[in-house]
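When you get a sec, could you give me coordinates for this:
(2 chains)
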There are 2 protein chains.
Amino acid sequence: VRTIRIGLLGCGTVGGGFVRLLERNRSLIRQRAEAELEITRILVRDLEKRRDGIDRSLLTVRAEDVVRNGVDIVVELIGGTEPARSYIREALATRKHVITANKAVLAHAGRDLLELAAIHRVRLGFEASVCGAIPVVRVIRDGLAGNRVRSITAIVNGTCNYILNRMGESGAQFDDALREAQAKGLAEADATLDIDGEDAAQKITILARLAFGSLETRWLRREGIRQVTPEDHLRAASQGSVVRQVVSAREHDGTIELEVGPRLLPLQHPLARVRGEGNGVILQTDAAGELVLYGAGAGSLPSASSVLADLVEIARAL
Amino acid sequence: VRTIRIGLLGCGTVGGGFVRLLERNRSLIRQRAEAELEITRILVRDLEKRRDGIDRSLLTVRAEDVVRNGVDIVVELIGGTEPARSYIREALATRKHVITANKAVLAHAGRDLLELAAIHRVRLGFEASVCGAIPVVRVIRDGLAGNRVRSITAIVNGTCNYILNRMGESGAQFDDALREAQAKGLAEADATLDIDGEDAAQKITILARLAFGSLETRWLRREGIRQVTPEDHLRAASQGSVVRQVVSAREHDGTIELEVGPRLLPLQHPLARVRGEGNGVILQTDAAGELVLYGAGAGSLPSASSVLADLVEIARAL
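Numbering: from 1, shown residues only, chains lettered A, B, ... in the order given. Sure, this is the predicted structure:
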């Protein structure tokens, strides 16, 4: 059995889940990847922090120990645009395959990075960057390869969905529902990127590029959910609807039209059924018709599941 | 651009849809497949039958003209176990990749055919054999490659789902709902394979093998829906439930336990929401958690969409 060497950048929620999942399902993954997958080095910020189930001898605080090492695949789970973008560029330029869960870097520099990967004939996997465990990148890229996608309508931010669900159920104020999400670990202490719609905007940008190619994008609407009040929810309920943060993308006259913001959904709408911090995606296509996907939008193991999907695919092709 | 030659066996509902879809989305498919896909020969039973949009000069009634021809890929859309199985075997044995929508042949001889494909280092694609346009084969095989699947619960037969939906909505007798499905083209004149559960049994067998490997299978229950009465639906409704044909598979003590038959589903159950002739699949997994997929379960273009998914994947790898 071949051994494939993996360098891991970041060992937080997703990184830790990735290491544990790879260990737990080792024999099954070996069989599917037709290779032994070995993590050779892990970049962390703090060497002293307690990390259950992680081999401390693999830890380093120097990115070059991970990226410049003789690895075959670099898994980037740091997040944020820099230094993640530089690390990814360096890995691709030195002919390492890269897997990333980083929606910010993909939304801002995805085209450049995909070009760089193509030039160096390596792959850039990003299933984990959108919709957690839902393999929506594969569904669009592979499952719908014979289709023209007409539109994507989705709930892609679990934090916003949890907050708006709670407000609708309990009549809570926005700030109280946000604090509840934070107490449950569903929102960061600084939840600005979620509630201002930036996280959702990045995700729909990634999905739209995948479905519609490299056309110019145009924002028809780009709003956060901070202004949603208990009265908005009451008014929605009186009309048999709920308020949810919805993203959408469609091709129109040669541009990709994007939207993100709070929206009224009738109770029977497929996205009105997305509970708590879940995600849901509706794809309208010319041949397959309507496909609807639901699943966990975030979390340690769900995101790790999508990283593994990319890893097994790349390992099989090596 | 390379040209990849395709031999097509069968030009009925799915075959005709496949030819039309390949033509309609030609430039998009060329780009994604990185090749020109050319249908070189089409096996039909009746040369004289009217077939809109099909080049008559490609038609033949001799299978060997299609399979023995210098094709790269054979697409088998005849259905039934024989002669389809023999054609597939011959194609694989002469190192042609095969794509099939044939659930009967896969349920009965899938393991042999996959072995034969492995021996000759060619691929056997079967996305279109289960759940029409829903790319459930890819979701299990690729999207969940890092997961242990715990169970599959699904509605895989659109005809049965349509009949049971109609009975529940209108209080119709089984036979009347069946005739209605036939009038709408949703059921064959001989719908025995659907309503006796055979079609559903074949599909869950295929999905279970994909998810759980080559363990022995054991049927816990294998029933048709013919005995379902309007009174059963009324009783279900009084409990806030509906009656649906449900299939399931789970691993237990080293065997795959399978079930097919009518089942009570609470109205809030994800599968209770599958409308008309649609399909729905719930996958329970160890890392990704619960994934739910809905889509068109059958039909000309939805099934062709899944054939194209296999075709683009195989063409890219050639």
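
tell me the SS of the closest residue to chain B within the stretch 201-318 of chain A?
Residue of the stretch 201-318 of chain A nearest chain B, by Cβ to the nearest Cβ: A:Leu308 (2.5 Å). Every residue, glycine included, has its C-beta placed from N, CA and C. Reduced to three states with DSSP: H, G, I helix; E, B strand; the rest coil, the structure at A:Leu308 is helix.

So what's the residue count around A:Asp286?
17 (other Cβ atoms under 10 Å in any protein chain shown).

what's it in contact with, if anything?
A:Asp286 makes contact with A:Asn147, A:Arg148, A:Arg150, B:Arg24, B:Asn25, B:Leu301, according to Cβ atoms under 8 Å, 6 or more residues apart in numbering or on different chains.

Inside strands: which ones of those?
Among the contacts of A:Asp286, the residues falling in strands (DSSP state E) are A:Arg150.

Ranking by neighbours, what's the top pick from the contacts of A:Asp286?
Result: A:Asn147 is most packed of the contacts of A:Asp286 (other Cβ under 10 Å), 28 neighbours.

Find me the pLDDT at the nearest residue to it once chain neighbours are set aside, would you?
By the measure of Cβ to Cβ, 6 or more residues apart in numbering or on different chains, the closest residue to A:Asn147 outside its immediate chain neighbours is A:Thr285, 4.1 Å from it. Note on A:Thr285: pLDDT of 98.

List the beta-bridge partners for A:Thr285.
For A:Thr285, the beta-bridge partners under DSSP bridges are A:Val149.

doesn't A:Ile152 make contact with it?
No. Taking contacts as Cβ atoms under 8 Å, A:Thr285 lies outside contact range of A:Ile152: 9.9 Å.

three-state assignment of A:Thr40?
Assignment for A:Thr40 (three-state DSSP): strand.

Next, the contact list for it, please.
With Cβ under 8 Å, 6+ apart, A:Thr40 has these contacts: A:Arg5, A:Ile6, A:Gly7, A:Leu58, A:Asn69, A:Gly70, A:Val71.

among those, which two are most distant?
Farthest apart among the contacts of A:Thr40 by Cβ to Cβ are A:Leu58 and A:Gly70. That separation is 14.4 Å.

the more surrounded of these two?
Shown here are A:Leu58 and A:Gly70; by other Cβ under 10 Å, A:Leu58 has more neighbours (19 against 8).

Just give the nearest non-adjacent residue to that one, would you?
Using Cβ to Cβ, 6+ apart, the nearest residue to A:Leu58 is A:Ile42, at 4.7 Å.

One more: A:Ile152?
Closest to A:Ile152 by Cβ to Cβ, 6+ apart is A:Ala249, at 4.7 Å.

try A:Ala101
The nearest residue in space to A:Ala101 (Cβ to Cβ, 6+ apart) is A:Ala128, at 3.6 Å.

In chain A, which residue sits furthest out from the middle?
Residue farthest from the centre of chain A, counting by Cα atoms, centre = their mean, is A:Ser238 at 34.1 Å.

which residues touch that residue?
So A:Ser238 contacts nothing (Cβ under 8 Å, 6+ apart).

Most neighbours among the contacts of A:Thr40, which one is it?
Result: A:Gly7 is most packed of the contacts of A:Thr40 (other Cβ under 10 Å), 28 neighbours.

Show the pLDDT at that residue.
A:Gly7 is given a pLDDT of 98.

give me the number of residues near the residue nearest to A:Asn147?
25.

what do you get for A:Arg263?
21.

Check the secondary structure at it for me.
strand.

Look up which residues are beta-bridged to it.
A:Arg244.

Same question for A:Ala154.
With DSSP bridges as the rule, A:Ala154 is bridged to A:Val247, A:Val281.

Please list the outside residues in contact with the strand or helix carrying A:Ile204.
Using DSSP states H and E, A:Ile204 maps to helix A:198-212. Residues outside helix A:198-212 that contact it (Cβ under 8 Å, 6+ apart): A:103-104, A:106-108, A:110-111, A:126, A:129-131, A:136-137, A:140-141, A:144, A:149, A:152, A:154, A:156-157, A:159-160, A:192-194, A:217, A:219, A:222, A:245, A:247-249, A:251, A:256, A:258, A:260, A:281, A:283.

Would you mind giving me the confidence score for A:Val105?
Reported pLDDT for A:Val105: 97.

Over to A:Ser214?
pLDDT, A:Ser214: 83.

tell me the contacts of it?
Taking Cβ under 8 Å, 6+ apart, one finds A:Arg111 in contact with A:Ser214.

mind redoing it with 6 Å?
By Cβ atoms under 6 Å, 6 or more residues apart in numbering or on different chains, the contact set of A:Ser214 is empty.

again, but for the one 10 residues further on
Taking Cβ under 6 Å, 6+ apart as the criterion, A:Gly224 is in contact with A:Ile195, A:Asp196, A:Gly197.

Need the buried ones from those residues selected in ChimeraX.
Only the buried entries of the contacts of A:Gly224 go into this ChimeraX selection, using 16 or more other Cβ atoms under 10 Å in any protein chain shown:
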select /A:195,196,197
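
In TSV, list the contacts of A:Gly224 along with distance to B:Gly171 and pLDDT.
Compiled in TSV, the contacts of A:Gly224 are given as follows (distance: Cβ to Cβ, whole Å; pLDDT from 0 to 100):
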residue	distance to B:Gly171	pLDDT
A:Ile195	48	96
A:Asp196	51	97
A:Gly197	47	97
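
Turn the contacts of A:Gly224 into JSON lines, including distance to A:Val75.
Listed next are those as JSON lines, based on distance: Cβ to Cβ, whole Å:
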{"residue": "A:Ile195", "distance to A:Val75": "29"}
{"residue": "A:Asp196", "distance to A:Val75": "28"}
{"residue": "A:Gly197", "distance to A:Val75": "28"}
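
Just the buried residues of stretch A:197-211, please?
Buried, per 16+ other Cβ under 10 Å, within stretch A:197-211: A:197-211.

What of stretch A:67-87?
Quick answer for stretch A:67-87 (16+ other Cβ under 10 Å): A:67, A:71-79, A:84-85, A:87.

measure A:Asn184 to B:Arg24 for me?
Slight slip there: residue A:184 is Lys, not Asn. Distance of A:Lys184 to B:Arg24, given as Cβ to Cβ, to the nearest Å: 48 Å.

Same question for A:Ser238.
Taking Cβ to Cβ, one finds A:Ser238 at 45 Å from B:Arg24.

quick check, nearest of the buried residues of stretch A:197-211 to A:Arg226?
A:Gly197 (9.3 Å).

need the residues of the stretch 1-150 of chain A near chain B, please.
When proximity is defined by Cβ under 6 Å from any Cβ of the partner chain, the stretch 1-150 of chain A lies next to chain B at A:Leu21, A:Ile29, A:Arg32, A:Ala133, A:Pro135, A:Arg138, A:Val139, A:Asp142, A:Gly143, A:Ala145, A:Gly146, A:Asn147.

Could you tell me how many residues sit around A:Glu231?
A:Glu231: 9 neighbours (other Cβ under 10 Å).

Dump stretch A:262-276 to CSV, restricted to CA.
Only the C-alpha atoms of stretch A:262-276 are listed here, as CSV (Å, rounded to 0.1, in the frame of the first residue of the first chain):
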residue,chain,number,x,y,z
PRO,A,262,-33.5,38.0,5.2
ARG,A,263,-36.5,36.7,3.2
LEU,A,264,-40.0,35.6,3.8
LEU,A,265,-40.5,31.9,3.1
PRO,A,266,-43.9,30.2,3.1
LEU,A,267,-44.1,27.4,5.6
GLN,A,268,-44.3,24.8,2.8
HIS,A,269,-41.1,26.1,1.2
PRO,A,270,-38.3,23.5,1.3
LEU,A,271,-36.0,25.9,3.0
ALA,A,272,-38.5,26.8,5.7
ARG,A,273,-37.9,23.2,7.0
VAL,A,274,-34.2,23.7,7.7
ARG,A,275,-34.0,23.4,11.4
GLY,A,276,-31.6,25.0,13.9
